[in-house]
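> here are the coordinates; sequence isn't available:
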């Protein structure tokens, strides 16, 4: 849709700001744009389609008509309004209900505008009898949930075996679907072994029976009881209510978890269930499933005959080519003188053997001469005598080192004893032992003179057998008052 069509819905420009500077002259008034009917209709269509996604509408069918092309036109109406509808024969729409005037139906589609008449209408993709909407809503919700989990992804779909040995079928043993499948299988693959795992395929509780039957076939294959290669879930057509058990979430997860590939063949070609989306392959009908899972024996025989003709032709051509090559080789010199060629080869081998023997003998003689020369040199230098002299010299050096080390230790010990005596004589303790004393202040600083000592200072005098604390006074020449002997 052209951008200029949106001018139809543009907002009116706002008034100028009061703070703006006044203009000298007012701008010229623009002439209103004149739109064509087609432009207006196209703009309405764009707005309508952008505002609505697919919708469900319920109403009574009226004015129903079907064209020769297959397109269907009708009107949905209720007590207050009516809506034009069209259902095209091509596309992805689903004819689940044969429409007729007076029917109460639910239609799903997208809203648009038929520009030729300027009339809005609903382009229908799905139509169903009223009352099935709740089931369809549940179907769509479960479909979205499982799709988000990846159960429908193509990457997890498994390929079916081309030549299955045993086919497992989960279906009702009395249904027409089983008879149709067996007829097709007997015609296409009479060698195929079929195992039917019976289950109800309609009504409440049927999904649980289908799951159990599916598990039974997987168990037979896992335990090696029967070489089941794939499984087909089969049921004939019916209404959405009849097929509802195949929309069970538990069944969908059981199909996804099945170790064996699963083919879903439920209903007719227009019927879709959750089992169809999660299965490894969806067949439109049970009979179509029988044709899809096994090759046609007649077609295989035709292929084998074609390969037989092809291989015969190519083998005969290869044999003729080989005969021609063999004839050419037989005429060549290699086949005319084979003995001479062999004799010449034997002579070359003998000559090479003699040359190798002479070279080996010469190499051995050279090595022997070198070994004798090395032995003579070794005897001349007498390494045993050299080792004995070195051991004797090493012993002498060891004795010298031990003697020098002992003398050095003795000298060090004598010097240490003399130093000990000198330190003992110079020690303050030794001086105290001779009757002298040492006086310090309260901080432990040694006092050498009475000069500079403050009146009342605390003095500590250390004697030979203890300490005396006194207080200094200038009134006497000695130490007095407050003396106290403190034992060490």
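Cool, the structure landed. Keep in mind that what you see is a predicted model, and the values were worked out from it rather than measured. Numbers count the residues shown, from 1 in each chain.
> Which residues are in contact with residue 291?
If you count contacts by Cβ atoms under 8 Å, 6 or more residues apart in numbering, residue 291 has them with 184, 188. Just so you know, the C-beta spots here come from the backbone N, C-alpha and C atoms, and that holds for glycine as well.
> pLDDT at it, what is it?
pLDDT recorded at residue 291 is 90.
> and it, which of the three is it?
Three-state assignment for residue 291 (DSSP: H, G, I helix; E, B strand; the rest coil): helix.
> One more: residue 135?
Secondary structure, three-state DSSP: residue 135 is helix.
> doesn't residue 243 make contact with it?
No: look at residue 135 against residue 243 with Cβ atoms under 8 Å: they stay out of range, at 10.0 Å.
> Between these two, tell me which one has more neighbours.
It is residue 243, of residue 135 and residue 243, that has more neighbours when counted by other Cβ atoms under 10 Å, with 24 against 16.
> Quick check: residue 453 vs residue 470, distance?
Plainly put, residue 453 is 11 Å away from residue 470 if you go by Cβ to Cβ, to the nearest Å.
> Common neighbours of the two, please.
Taking Cβ under 8 Å, 6+ apart as the contact rule, residue 453 and residue 470 both touch residue 459.
> So these two - more neighbours on which side?
Between residue 453 and residue 470, residue 470 has the larger neighbour count (other Cβ under 10 Å), namely 18 against 15.
> Show me how far the strand or helix carrying residue 439 is from its chain's centre.
Secondary structure from DSSP states H and E places residue 439 in strand 438-441. Distance of strand 438-441 from the chain centroid (Cα atoms, centre = their mean, to the nearest Å) equals 88 Å.
> Buried residues, it. List them.
By 16 or more other Cβ atoms under 10 Å, the buried positions in strand 438-441 come out as residue 439.
> Residue 269 contacts residue 284, correct?
Yes: applying Cβ under 8 Å, one finds residue 269 in contact with residue 284, separated by 3.8 Å.
> ok, those two, which is more surrounded?
Of the pair residue 269 and residue 284, residue 284 is the one with more neighbours under other Cβ under 10 Å, namely 16 against 10.
> Got the confidence number for that one?
On the pLDDT scale, residue 284 gets 90.
> Just to be sure, it is in a helix?
No: applying three-state DSSP, one finds residue 284 to be coil, outside a helix.
> And it, how close does it get to residue 381?
Going from residue 284 to residue 381 by Cβ to Cβ gives 103 Å.
> Poorly predicted segments of the chain, please.
Confidence mapping of the chain against pLDDT under 70 gives the ranges 1-29, 90-96, 131-134, 332-340, 475-488.
> Okay, and residue 62 sits in which element?
Here residue 62 sits within strand 55-66, counting by DSSP H and E.
> Which elements pack onto that strand?
With contacts taken as 3 or more Cβ pairs under 8 Å, 6 or more residues apart in numbering; DSSP states H and E, strand 55-66 sits against strand 72-77, strand 82-87, strand 104-114.
> circling back to that earlier point, next SSE downstream of the strand holding residue 439?
Next in sequence after strand 438-441, counting helices and strands by DSSP H and E, comes strand 458-463.
> What strands line up against that next one, and which way round?
strand 438-441 (antiparallel), strand 466-471 (antiparallel) (DSSP bridges).
> Let me have the ones you listed in JSON lines, extended by distance to residue 144.
JSON lines is the format used below for these (distance: least, Cβ to Cβ, whole Å):
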{"stretch": "strand 438-441", "distance to residue 144": "100"}
{"stretch": "strand 466-471", "distance to residue 144": "101"}
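> Nearest to residue 388 among the ones you listed would be which one?
When those are compared by Cβ to Cβ, strand 438-441 sits nearest residue 388, at 69.9 Å.
> what's in contact with that closest one?
Contacts with strand 438-441, where a contact means Cβ under 8 Å, 6+ apart, come from 428, 431, 432, 446, 447, 453, 457, 458, 459, 460, 461, 462.
> Can you give me the neighbour number for the fifth one?
I take that to be residue 447. Residue 447, neighbours per other Cβ under 10 Å, totals 17.
> OK, contacts around it?
By Cβ under 8 Å, 6+ apart, the residues touching residue 447 are 439, 440, 441, 453, 459.
> which of the residues you listed lies closest to residue 39?
Using Cβ to Cβ, residue 441 is the member of the contacts of residue 447 that lies nearest residue 39, at 117.4 Å.
> rewinding a little: would you reformat the helices and strands packed on strand 55-66 as a markdown table and include distance to residue 167 and mean neighbour count?
What follows is these, written out as a markdown table (distance: least, Cβ to Cβ, whole Å; neighbours: other Cβ atoms under 10 Å):
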| stretch | distance to residue 167 | mean neighbour count |
| --- | --- | --- |
| strand 72-77 | 40 | 19 |
| strand 82-87 | 39 | 18 |
| strand 104-114 | 37 | 18 |
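> Make a markdown table out of the ones you listed and add distance to residue 345.
A markdown table is the format used below for the helices and strands packed on strand 55-66 (distance: least, Cβ to Cβ, whole Å):
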| stretch | distance to residue 345 |
| --- | --- |
| strand 72-77 | 92 |
| strand 82-87 | 90 |
| strand 104-114 | 89 |
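> Just to check, residue 250 is in contact with residue 210?
No: using Cβ under 8 Å, residue 250 makes no contact with residue 210, being 9.5 Å away.
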